[in-house]
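# everything below, folded, please.
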Amino acid sequence: MAVKGKKAAGRGPRGRPPVTMLQPPALRGKRAAGAAPVDRAGRVRARKILGILEKAHRDARIYLNARSPWQLLIATILAAQCTDERVNEVTPLFFARYPDAAHLAGARPADVEGMIRSTGFFRQKARTVIECSQVLTESHGGDVPADVDALTSIGGVGRKTANVVLSNAFGQPAIAVDTHVQRVAGRLGMATAKDPDKIERQLCGLIPRELWTRATHVLGTHGRRICIAKKPDCEHCPVSRLCDYHRSLASGPGAAAS
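Model prediction:
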């Protein structure tokens, strides 16, 4: 569904899921600053894996429901240590009461806490979304900046959150490393780092820029459906033959590590 507010090129027709799904521009041949250098074989393997996962998860998308960049920013903050499904249960009433940054900027913390309690860590999240909205109102006219440095300068907005907003609300190619992407990329041997920011750089070095956003969606969906944390369904995994984790399972008990 189209994002309300500032008009963005590439808006889709009505009837799509209630989330911003702008397609990133094709910017071939470019690589993120600081992206880890990799050999050609690594890139070819990554493209092969993503191609298979794309066929398996054609409906992969962002699962947070939002109708504007601001709503997506707030929903992503609320999703920390919480499922997207739970956040989607909370946000309809929340956004009805607080429809924009200006309204939330003046909210009473106790009122916000009561509405988001079920998402966990509700006191910290309430402070974060109120302070975030205050910064947006005072420094950006209530709009969400389409710039990673501006977004991450706001308290409580990390790089993952910024990348979710930039890629899905503004159509900027970005890889958002959540727990699902981190787990799947590690098990597949696409990333060896443990820190999400370093994982992002490694993946950006492997994956063409125009596929960054789509890679986030298909890796994340694969992590939700097949490559789950405690008991991955390797039997039905379409990329098991390319998976380091699956090979380690075959080497003997206790060999695999998530």
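# only C-alpha atoms for contact and neighbour calcs from this point on.
Noted.
# for the stretch 151-258 of the chain, give me the ranges with low pLDDT.
252-258 (pLDDT under 70).
# which stretches of it form helices?
Ranges of helices within the stretch 151-258 of the chain are 159-169, 179-187, 196-206, 212-225, 244-250, based on DSSP state H, counting those that start in this stretch.
# how is this structure divided into domains?
Annotated domains of the chain cover 40-59+174-250, 69-169 [automatic domain parsing].
# could I get these as CSV with mean neighbour count?
Below are the domains of the chain laid out as CSV (neighbours: other Cα atoms under 10 Å):
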stretch, mean neighbour count
domain 40-59+174-250, 19
domain 69-169, 19
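# quick revisit: please produce TSV containing the helices of the stretch 151-258 of the chain, extended by distance to Lys55.
Below are the helices of the stretch 151-258 of the chain laid out as TSV (distance: least, Cα to Cα, whole Å):
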stretch	distance to Lys55
helix 159-169	21
helix 179-187	17
helix 196-206	19
helix 212-225	9
helix 244-250	20
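# please name whichever of the ones you listed is nearest to Cys82.
Ranking those by proximity to Cys82 (Cα to Cα) places helix 179-187 first, at 10.9 Å.
# and for the closest one, what's in contact with it?
Helix 179-187 has contacts (Cα atoms under 8 Å, 6 or more residues apart in numbering) with 191-193, 196, 199, 216, 219-224, 227-229, 243-246, 258.
# also stretch 144-162?
Applying Cα under 8 Å, 6+ apart, the set of residues contacting stretch 144-162 from outside is 69-70, 73, 76-77, 128, 131-132, 135-136, 163, 166, 170, 175-178, 197.
# same thing but at 6 Å, please
Around stretch 144-162, the neighbours that count as contacts under Cα atoms under 6 Å, 6 or more residues apart in numbering are 70, 128, 176-177.
# now the end-to-end length of it.
Using Cα to Cα, to the nearest Å, one end of stretch 144-162 lies 10 Å from the other.
# likewise for stretch 57-70?
End-to-end distance for stretch 57-70: 28 Å, by Cα to Cα.
# which residue packs closest to Val239, ignoring adjacent ones?
In space, not counting the residues next to it along the chain, Val239 is nearest to Ile49; the distance is 6.5 Å by Cα to Cα, 6 or more residues apart in numbering.
# do the same with Ala176
Nearest one to Ala176, counting by Cα to Cα, 6+ apart, is Lys160 at 4.8 Å.
# what's the spacing between that neighbour and Thr152?
Taking Cα to Cα, one finds Lys160 at 9 Å from Thr152.
# what's the answer for Ala126, then?
Ala126 sits 18 Å away from Thr152, going by Cα to Cα.
# check Val164 too.
12 Å.
# could you do Ser240 as well?
Taken as Cα to Cα, the span from Ser240 to Thr152 is 36 Å.
# so which strand or helix has the closest residue to Ala101 other than its chain neighbours?
The shortest distance from Ala101 to any non-neighbouring residue, by Cα to Cα, 6+ apart, is to Ser133 (4.7 Å). Ser133 is located in helix 122-140, with elements delineated by DSSP states H and E.
# run through who's touching that helix.
With Cα under 6 Å, 6+ apart, helix 122-140 has contacts from 101-102, 104-105, 112-113, 116, 142, 156.
# quick one: the helices in the stretch 1-150 of the chain?
According to DSSP H, counting those that start in this stretch, the helices that the stretch 1-150 of the chain contains are 40-56, 69-78, 84-97, 101-105, 109-116, 122-140, 148-152.
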